[in-house]
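# Need coordinates for the below:
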Amino acid sequence: MVAVYPPHNATDDALWLAVSQALTDQTDFIDTFIDSPPQTNEVRRAAALIAAGHLIASHFPNPMRVSELGASAGLNLNWDRFALDIGGTRLGPADAALTLSPDWTGETPPKTMPTVVERRGVDLNPVDPATDDSLRLRAYLWADQPPHRRTLTDAALALPHAAVDKADALDWLTPRLPHVTGQTHMIYTTVAWQYFPAEKQRQGLAMIKAAGTTATPDTPLAFVQMEDDGGDNGTALTLRLWPNTTGNDHPFTLGRVDFHGRWVDWTA
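Below is the predicted model of the structure:
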């Protein structure tokens, strides 16, 4: 198979011969591999999280705990350890594990650096990057895609792994919703919420809104979503933030983001 993978060039006939031979020779492995549904963890989506995190910190500079729903392997729970380069303007730590450089339009987000003091995620079928699951994550990066995507994934995998619990997202979130004095709670999803059943979406949003009604400047609550809204161009990036000056819980539109984070149109 190596001979037909990029950067090698192979004819269609040679490629199919290699694939058909692998299907025959590796039947047992392939059968086991596909017992689990596909799980990806696109690191480039963290560009949206970095921008949103800086915006939230500019309003409430409290230490932050983060909760990711649909976290897969939890690579993007480390978004604060990544850097974002916007036309030469850098957001993120000086010793960032990796730097994201999406095509960016719009203003630069606030430079207020968030400080994450606790991070945890949930997934129905989490991927454990400390095991051979790290190979599974790499396997879902198509061989003909730019090597930069693999480089970013490898850099994220090299960081300390954030905990991702195997559970129903709402059951898991319930005990995490009570406010912690002196902390901002940032809950977020990136191309995950849309896969929740409609009733779960309604229940989850109601739970988060209810917690928002009791948020104070000392216990802020933020809900960031990068999700498909049916638009023609990428995903919608939205923020619900409590307390707020409008006194409501409607989302603020922060912009639009490519599904894989290759570009960001920031309108916050």
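# secondary structure element for Val66?
strand 64-69 (DSSP states H and E).
# Tell me the strands beside that strand, with direction?
Paired neighbours of strand 64-69 in the sheet (DSSP bridges): strand 116-123 (parallel), strand 184-190 (parallel).
# Just the mean pLDDT for the very next helix or strand once past that strand, thanks.
Later in the chain than strand 64-69, the nearest helix or strand by DSSP H and E is strand 83-86. When pLDDT is averaged over strand 83-86, the result is 98.
# can you check stretch 162-177 too?
Mean predicted lDDT for stretch 162-177 stands at 98.
# low pLDDT regions in the stretch 151-268 of the chain?
247-248 (pLDDT under 70).
# can you give me the end-to-end distance of stretch 105-121?
With CA to CA, to the nearest Å as the measure, stretch 105-121 spans 30 Å from end to end.
# per-residue confidence averaged over that stretch?
97.
# any idea how far His8 lies from Gly88?
36 Å (CB to CB, to the nearest Å). To be clear about C-beta, it is placed using only N, CA and C from the backbone, and glycine gets the same treatment.
# With Asp31 instead?
In terms of CB to CB, Asp31 sits 50 Å off from Gly88.
# State the mean pLDDT of the strand holding Val66.
Rounded mean pLDDT across strand 64-69 is 98.
# residues making contact with that strand?
53, 56-57, 74, 76-77, 80, 114-122, 164, 169, 173, 176, 180, 183-190, 192-193, 204 (CB atoms under 8 Å, 6 or more residues apart in numbering).
# where does the stretch 1-150 of the chain have low pLDDT?
Using pLDDT under 70, the stretch 1-150 of the chain has no residue that qualifies.
# Would you map the strands across it?
64-69, 83-86, 89-91, 99-100, 103-105, 116-123 (DSSP state E, counting those that start in this stretch).
# is it fair to say Arg240 lies in a strand?
Yes. Arg240: assigned to a strand according to DSSP: H, G, I helix; E, B strand; the rest coil.
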